[in-house]
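> Here's a sequence, model it:
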Amino acid sequence: MRRSPDLERSLAHTVAWHQSYGLIGENAYPTDRFVRIETTRLVAQGWPYARGEDLDLLADFMGMAAITDEPFDGALGRDPIETARVIGRAASVFHSEERSGLSPYLAALADIWDRSRVGMSRSWCERAAYHYDRWLYAHVHEARGRVRGTPESIDAYLVIRRGSGGMGIVFDFMERVGHFEVPAVAFHSPEIALMRDLTEDISLLTNDLISLPKEEMVGDIDNLVLVRQHELGCSRDEAMRTVAAYTEELIERFLTQQARLPQMCEQIGLSEDECSAVMEYAAAMRWWMGGAIEWYYTSFRYSLEYARTQAATANGHHAWQLNPTR
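Numbering: from 1, shown residues only. I've put the predicted structure just below:
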């Protein structure tokens, strides 16, 4: 598995960064647990070409996203109204330059957003802000599902899961840390759009297969295996085989679309540099899938031990207490 050579250095950085905002450490998320979930290894594998400050940025985002997701497995994640309130506050960071009076979590989120935008176009920033909104607000609708207690339809599930998985942000970081932007005419092509959709679904459905035992233990029902079992009235094993077979089909479809990219670039008159950006984007999707899927299989985050201890951290740290304290 290829990884960024800056993995260890970036781990030291991101531990210190999270501590500086009070997100991990005493009276916060346990530092040893943070290190064990290895989100820095995830970004070093998912973006193996990232170096230095670029890898630090990825590590800070992914670490923060992981630990601040846990409270939604506790009481907060079963209160859609309160979830909507705190999410609305968080989303405001991406639509304002005001940085005074922020809670530690919102100040950390603002720092990531401000660093992410450096050197990027206005159109990239607008798209990235939308993807942060999509990621955050999906938590509200996951909370509705926990209250309801039965799985969504597959169509509704995919809308929520594609948001909560944060894959739009993942795609934006491919450009940001790769130091390129896909030309708009190619970005909106059916080939590239389909490849994003397929990458998103391959990543999330593989995650669903691996994380199911852990999610059931904490009462989370937003998982395609459970959706298919509910809709088809079949056994758990049959539902898992159905999801696995569908994921294999998606991989074949991704490869078909990737093979069409050179012809697409020629047909729309892209320059050599623009074609290179398109190919880098496609390669970045493959790097992400390979690195992320390996991490899903090996990370402590998807272990039963993690799930057994999740209730304590879900209700015991305070990332979503949004009153200014710094």
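> Report the contact partners of A84.
Contacts for A84 (CB atoms under 8 Å, 6 or more residues apart in numbering) come out as V140. Backbone N, C-alpha and C define where each C-beta goes, glycine included.
> for the stretch 51-200 of the chain, what spans make up the helices?
In the stretch 51-200 of the chain, helices defined by DSSP state H, counting those that start in this stretch lie at 52-69, 80-91, 104-116, 122-148, 154-164, 167-178, 184-187, 190-217, listed in chain order.
> The spatially closest residue to T199 that is not a sequence neighbour: what secondary structure?
In space, T199 comes closest to M285 once its chain neighbours are excluded; the distance is 4.5 Å by CB to CB, 6 or more residues apart in numbering. Three-state assignment for M285 (DSSP: H, G, I helix; E, B strand; the rest coil): helix.
> neighbours around M285, how many?
22 (other CB atoms under 10 Å).
> how about it, what does it touch?
Applying CB under 8 Å, 6+ apart, the residues near M285 are 171, 174, 195-196, 199, 254.
> Compute the number of surrounding residues for A129.
As a burial measure, A129 scores 17 neighbours (other CB under 10 Å).
> can you pull the pLDDT of it?
On the pLDDT scale, A129 is placed at 98.
> got the contact list for it?
94-95.
> can you check the one 5 residues further on too?
Shown here is R134, whose contacts under the criterion CB under 8 Å, 6+ apart are 162-163, 168.
> how deep is A75 tucked in, by neighbour count?
Per other CB under 10 Å, the neighbour tally for A75 reads 11.
> What of G52?
Using other CB under 10 Å, G52 is surrounded by 13 other residues.
> Roughly how far does the residue nearest to T199 sit from D111?
27 Å (CB to CB, to the nearest Å).
> same thing with A307?
From A307 across to D111, the span is 30 Å (CB to CB).
> N27 too?
In terms of CB to CB, N27 sits 21 Å off from D111.
> ditto for D79
The gap separating D79 from D111 is 28 Å, by CB to CB.
> residues near the residue nearest to I202 when sequence neighbours are not counted, how many?
The shortest distance from I202 to any non-neighbouring residue, by CB to CB, 6+ apart, is to L250 (5.0 Å). For L250, the neighbour count with other CB under 10 Å is 18.
> Make sure I have this right: L250 is in a helix.
Yes - the assignment for L250 (three-state DSSP) places it in a helix.
> Confirm for me that it is in contact with S203.
No - with contact defined as CB atoms under 8 Å, L250 does not reach S203; the gap is 10.0 Å.
> Residues touching stretch 239-255, excluding its own?
By CB under 8 Å, 6+ apart, the residues outside stretch 239-255 that reach it are 194-195, 198-199, 201-202, 205-206, 208-209, 212, 224-226, 228-229, 232, 234, 285.
> what's the average pLDDT for it?
Confidence for stretch 239-255, expressed as mean pLDDT, is 95.
> quick one on the thing from earlier: tell me the spacing between the residue nearest to T199 and H18.
Following CB to CB, the distance that separates M285 from H18 is 28 Å.
> ok, back up a step: whichever of the contacts of stretch 239-255 end up buried, select them in ChimeraX.
Only the buried entries of the contacts of stretch 239-255 go into this ChimeraX selection, using 16 or more other CB atoms under 10 Å:
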select :194,195,198,199,201,202,205,206,208,209,212,224,225,226,228,229,285
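> For the closest residue to W288 other than its chain neighbours, list the residues it contacts.
Closest residue in space to W288, ignoring its immediate chain neighbours: G46 at 4.6 Å, by CB to CB, 6+ apart. The contact partners of G46, by CB under 8 Å, 6+ apart, come to 58, 170, 287-288, 291-292, 295.
> now, which of the residues you listed sits nearest Y302?
Nearest to Y302 among the contacts of G46: W295, at 8.9 Å, using CB to CB.
> could you point out which element follows the host helix or strand of the closest one?
Using DSSP states H and E, W295 maps to helix 272-298. Where DSSP H and E defines the elements, the next helix or strand beyond helix 272-298 is helix 304-308.
> what's that next one packed up against?
helix 190-217 (3 or more CB pairs under 8 Å, 6 or more residues apart in numbering; DSSP states H and E).
> hang on, the earlier thing: determine which two of the contacts of M285 are furthest apart.
Spanning the widest gap among the contacts of M285 are M174 and F254, at 14.8 Å by CB to CB.
> Sketch out the low-pLDDT regions of the stretch 101-250 of the chain for me.
Residue ranges of the stretch 101-250 of the chain with pLDDT under 70: 218-221.
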